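J.: Kindly return the folded structure for what I paste below:
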Amino acid sequence: MECRTRTSAVLAELRAVTDFSNISNVTIAKMNDLAFKAVNNASLQKLVDKRALANESLYERLEKEAIDMTRKMDFKALAE
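T.: Numbers count the residues shown, from 1 in each chain. Below is the predicted model of the structure:
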């Protein structure tokens, strides 16, 4: 969906240009902004995915520790 929205925005900008031999700086800046957003979002998603994979073992270890701690707790004594 995001790709479709971005493509529509690019096409709208290109339709607004009447003379392709003389494109305004504003149009170039808008096109550059649209392109940068696509690259930036993709690189940020890769970074988040990489961190999630790196932290997966940490989360598994912490979950095991939490289970071990709750097994050792005496809930009857805590309720009193």
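J.: make it CA atoms for all contacts and neighbour counts henceforth
T.: Will do.
J.: pull the helix or strand with minimum mean pLDDT from the protein.
T.: Ranked by mean pLDDT, DSSP states H and E, the weakest helix or strand in the chain is helix 75-79, scoring a mean of 78.
J.: Which stretches in this protein count as helices?
T.: Along the chain, counting by DSSP state H, helices occupy 2-16, 25-72, 75-79.
J.: I'd like those helices as JSON lines, with mean neighbour count appended.
T.: As requested, the helices of the chain are exported to JSON lines (neighbours: other C-alpha atoms under 10 Å):
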{"stretch": "helix 2-16", "mean neighbour count": "12"}
{"stretch": "helix 25-72", "mean neighbour count": "12"}
{"stretch": "helix 75-79", "mean neighbour count": "7"}
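J.: ok, residue 4 - contacts?
T.: By C-alpha atoms under 8 Å, 6 or more residues apart in numbering, the contact list for residue 4 is empty.
J.: ok, now with 10 Å
T.: The contact partners of residue 4, by C-alpha atoms under 10 Å, 6 or more residues apart in numbering, come to residue 10.
J.: check contacts around the residue nearest the centre of the chain.
T.: In the chain, the centroid-proximal residue (C-alpha atoms, centre = their mean) is residue 45; its distance is 3.9 Å. By C-alpha under 10 Å, 6+ apart, the contact set of residue 45 is residue 51.
J.: From residue 27, how far out is it?
T.: 27 Å (C-alpha to C-alpha, to the nearest Å).
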